[in-house]
Structure formats: structure tokens, C-alpha cells
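1. Have a look at this prediction, sequence included:
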Amino acid sequence: MPGGNPGIPEAESGNNIWSRRDLLSLAAWGAILTCFAAAGLAILRMLFPRVLFEPPTSFRAGYPVDYAVNDVSEKWMKSQRVWVVRTPSTIYALLGICTHLGCTPRWLGPENKFKCPCHGSGYTKDGVNFEGPTPRPLERVKIALGDDGQLVVDKAFRYRYELGQWDDPNAYVKFTGA
Amino acid sequence: MPPDIETKKKPGIFDVITENYVWRSIFRHGYADTPRNRVLQVSANVWLHLHPSKMRRHGIRYRHTWCAGGLTFLLYLCTVVTGVVLMFYYRPTGEYAYWDVKYLDFDVPFGMIMRNMHRWSAHGMVIFIWLHMFRVFMTGSYKPPREFNWVVGVNLLTLTLLLSFTGYLLPWDQLAIWAVTVGTNMARATPLLGNEGPFGPQLGMTPRYDARALLTAGTVVGSPTLLRFYVLHCIFIPIIASILMILHFWRIRKDGGISGPL
């Protein structure tokens, strides 16, 4: 229908997409919704603080000779939630957080396993899961020898067995001394 | 008001209280038992506005409704009143929360009963909300035209459980901290938004920035978590729940009142 129907004004004939009134209305609503969206994003971002006031993740764990071979040391468990385990050739640090839902497992010496009281997840001395609902092994954390010869454990760096990270040089300290 | 029998008898104390300018400015209806006043008592009175001016006989039978929804609302009101009273003594920081609860339990006059009323009302609310849901299901009251109100009710159920969950942390004892540790750790597995959930890591979720960090205000359950749960428990969820309750009750009337007997 070229030229449109001459009897009908342009705005009502459907040849224009928006009338002036529609345009102003949409612009106003757009501005209002944009304001709300911006405020919503600001509130969402505000809920994630930049600084967390949480305990320090790193601590000195004494000298390697303090730990007996094949022993699971609970020395730092209460204050740091970390077990230090010494094998004949290495020392590693296991994080005492159950990988199921975050409770604290217990080391059961006579049974040679870690056992979580919440839902019954069990781990071997290495930290590998073998019973209960947990889907993966305990995490190991960064351990190194400091300048003063003490072990330095840093819980901010975590190493996961299922990702092959336990072989990372930071995940254990080589030590065979007495 | 048209002259009737009431105006001719000697006014009693009840009439003196209710038949004057101040009272009638608040409650606009008369009390004489006329059909018009009955309707006005409900439709013109904000306090009684929830009730329909007329209802069917089966609707007031306990056997039909168990009054489970009404009791849920009553228990909600109990938690609101006692909860506000508890707020006068409770400080939601890691330093004070546990000791304030002890103080409430052992030293504040009537503190223990207020706290226990809050606790048991909350438990009762959860129990009665399930009974209400069961009754509504068994009487088929979820069917059209009431299907939207069923959906509102399911949302109210969810909010009630969230109120229980957020309130659980506030005593700040071992039970609270570990229960919430377990509960918030489930949020790690949220699809897309959790750092261990499906497609979470691919979308850049980390323990520091994901759904769980939003709840715990950090990477561990600590003092910021307590404050966040307190605000959710006392402000955010009750307001949303109250709005939905208003909608829920209003829809009962708009959907034709309490459903008929089977």
C-alpha cells in the first residue's frame, strides 16, 4: 500500500515504529530500569568485600626433626586445622577440612584413618577417601622449609590429588634426616 | 443510621463505649445485629478485613481445615513478637552473640521463656506448615482456580525453612557453626554459581567469589557470616514472607474462599 491511507494520520497508520509519546515513554522507563539495574549491581558487588578479616593462612610449624617418621602429628590441629605427616622420605601437610561438607575429621590412630564425625567420610593416612559420602581426597597445603630451617605451612595454597597436584614440589618437603 | 429498636432502649456500658464519635471514627460500622452491619463489620474494618463477610458452613469445620494454616500464621506472629523482644538484648557479632544468648537464658527477666517461645514457635511453624500443605493436598485445594495460591504457599514454605536455617546460626555455639558450615558448603555445588558446581569454575567462580561467599561473607563461617545471617533472619526474609502471606490470604478470598468438601 504505497503512501499509506491518506485519511489516517501518519502516527496511527502504522508506518511509524514509535510515536513521539511512545519514544518518551520508553526512554523514561529505560532510564528508570537502568537506574534500578545499576543499583542492583552495586548492591551485589557490595556483598563481596575487598578485604576479608580472617585469620592468617601461613604459620611456622617447627623443625622437620620434631616429627617422627610415619606419625600423623596433631600438634597444629587445634590452632591451625592442619595435620603434619612425615613419611620416610617426605613431609606433607593435610588440611583438616572434610571435602564432603566442611566438618573437621578426626585422626583415629589405632584404625590408621581419618574419620569425619558429621557424615562418616573416611580417609587413609595419605588423605585418600575410601568410605562415606565424600567425593574426593583431603586437600594438602603448601609446605616448605624456611630460611631458619623451620617448616612453613601456607593454607592459602591447596593441592588436590584428583588433579595430580600432590606431585607439585610445593605440596611436600623432602626430608630423610634424623 | 435508620432508627431501629436499638436506639430506644437504655444505653449500656458497651453502647457508651462503641456509640460515640471517637470510636465510630475508627470503626465505622454499628454493632446492631443487622445484615448490613455484619457486612460492614468485616468490609469496613481493617482488622477483620481478612475474614470474608460470609463463608460456607464447611469452611469453619476443624475437620476440614485443621486450622493448620491459621495456626502457622499464629505461630509466625509469636516468633515476630518474641523475636523483636530478643533483639533488644542480642548483639550479632562474634564477640558478644554467644554471651548475649547466655545472658538472655540465665539472667534477663523472662528472657528464657521469650527465647524458648521463639524457638518452639519456629519449630511449630515448620510442623504446622507441613500439616497445612498435607491438608491442602488431601482436600484437592491446590486445583484450579487455586493453583497460583499453591505456588505462593510453596514459596512461603521455602522462606520458612530459610528463616529456620538463618536463625540456627544466631546462638553462635558449636552446633550453630558446624550446622551452618555444612549448610553453606552445599552452596559450593550450586550449578553455575558455585565454585564446585557444574560449570562453576568455567564461569570464573572461586571460593572467594561464588554463591557460598555471598552467604558467608568470606571463605569461612565467621563474624561477618553471623551479621549477614542476622540481617537476613530479622529483616530480609520476614519482609518477603509477610508480603507473600498478605498475597496468600487475599488470594483465598479471591479464589472463592476455603475449598468445598470432597
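-> Arrived safely, thanks for sending.
2. Check which element follows the longest strand along chain A along the chain.
-> Counting residues, the longest strand found in chain A (DSSP state E) is strand A:151-159. The C-terminal neighbour of strand A:151-159 among helices and strands, as given by DSSP states H and E, is strand A:173-174.
3. For chain B, what lies in contact range of chain A?
-> B:178, B:181-182, B:185-186, B:208-209, B:213-214, B:217-220, B:222-224 (C-beta under 8 Å from any C-beta of the partner chain). For glycine as for every other residue, the C-beta is placed from the backbone atoms N, C-alpha and C.
4. ok, the longest strand of chain A: who's next to it in the sheet?
-> strand A:58-60 (antiparallel), strand A:140-145 (antiparallel) (DSSP bridges).
5. Contacts for that strand, please.
-> For strand A:151-159, the external contacting residues (C-beta atoms under 8 Å, 6 or more residues apart in numbering or on different chains) are A:57-64, A:76, A:80-82, A:84, A:91, A:93, A:95, A:139-146, A:165-166, A:168, A:170-171, A:173.
6. Tabulate the strands paired with strand A:151-159 in JSON lines, adding columns for mean neighbour count and mean pLDDT.
-> Below are the strands paired with strand A:151-159 laid out as JSON lines (neighbours: other C-beta atoms under 10 Å in any protein chain shown; pLDDT from 0 to 100):
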{"stretch": "strand A:58-60", "mean neighbour count": "14", "mean pLDDT": "94"}
{"stretch": "strand A:140-145", "mean neighbour count": "20", "mean pLDDT": "95"}
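7. So for residue B:250, which of those sits nearest?
-> Across the strands paired with strand A:151-159, residue B:250 has its closest neighbour in strand A:140-145 (55.6 Å, C-beta to C-beta).
8. and that closest one, how far from the chain's centre?
-> When distances are taken as C-alpha atoms, centre = their mean, to the nearest Å, strand A:140-145 is centred 17 Å away from the chain's centroid.
9. mean confidence score for the longest helix anywhere in chain A?
-> Counting residues, the longest helix found in chain A (DSSP state H) is helix A:20-46. Model confidence over helix A:20-46, given as mean pLDDT, is 95.
10. do stretch B:168-179 as well
-> 95.
11. Report all helices and strands that the longest helix of chain A contacts.
-> Helices and strands touching helix A:20-46, by 3 or more C-beta pairs under 8 Å, 6 or more residues apart in numbering or on different chains; DSSP states H and E: there are none.
12. Please compute how far that helix lies from its chain's middle.
-> With C-alpha atoms, centre = their mean, you get 35 Å for helix A:20-46.
13. coming back round to it: between the strands paired with strand A:151-159, which one is nearest to residue B:166?
-> Closest among the strands paired with strand A:151-159, using C-beta to C-beta: strand A:140-145, at 31.2 Å.
14. outside of that closest one, which residues touch it?
-> So strand A:140-145 is contacted by A:61, A:64, A:82, A:84, A:91-95, A:127, A:151-159, A:161, A:165-166, A:170-173 (C-beta under 8 Å, 6+ apart).
15. how much space is there between residue B:130 and residue B:123?
-> 12 Å (C-beta to C-beta, to the nearest Å).
16. ok, now residue B:115?
-> For residue B:115, the distance to residue B:123 - C-beta to C-beta - is 13 Å.
17. between these two, who's got more neighbours?
-> residue B:115 (21 against 12; other C-beta atoms under 10 Å in any protein chain shown).
18. Without its sequence neighbours, what residue ends up closest to the more buried one?
-> Distance criterion C-beta to C-beta, 6 or more residues apart in numbering or on different chains; nearest residue to residue B:115, sequence neighbours excluded, is residue B:104 at 5.4 Å.
19. if I look at residue B:159, how far off is residue B:16?
-> 45 Å.
20. Run the chain-centre distance for the helix of greatest length in chain B.
-> Longest helix in chain B, counting residues (DSSP H): helix B:111-138. Chain-centre distance of helix B:111-138: 10 Å, with C-alpha atoms, centre = their mean.
21. Just want the angle from whatever helix or strand comes next after that helix to helix B:111-138.
-> Using DSSP H and E, the helix or strand that follows helix B:111-138 in sequence is helix B:147-169. On the basis of axes from the mean of the first three to the mean of the last three C-alpha atoms, to 10 degrees, helix B:147-169 is oriented at 150 degrees to helix B:111-138.
22. what does helix B:147-169 contact?
-> B:79, B:122, B:125-126, B:129, B:132-133, B:136, B:141-142, B:176-177, B:179-180, B:183, B:221, B:225-226, B:229-230, B:232-233, B:237-238, B:240-241, B:244-245, B:247-248, B:251-252, B:255.
23. Recalculate using a threshold of 6 Å.
-> B:122, B:129, B:142, B:176, B:179-180, B:229, B:232-233, B:237, B:241, B:244, B:247-248, B:251, B:255 (C-beta atoms under 6 Å, 6 or more residues apart in numbering or on different chains).
24. What is the least confident helix or strand in chain A?
-> Within chain A, confidence by mean pLDDT, DSSP states H and E is lowest for helix A:10-13 among all helices and strands, at a mean of 54.
25. follow-up on the earlier one: now the contacts of helix B:147-169: which count as buried?
-> B:122, B:129, B:142, B:176, B:179-180, B:229, B:232-233, B:237, B:241, B:244, B:248, B:251, B:255 (16 or more other C-beta atoms under 10 Å in any protein chain shown).
26. how about the helices of chain B, start to end?
-> Going by DSSP H, chain B shows helices at B:13-18, B:21-26, B:35-43, B:62-65, B:68-87, B:97-106, B:111-138, B:147-169, B:174-186, B:211-216, B:223-231, B:237-254.
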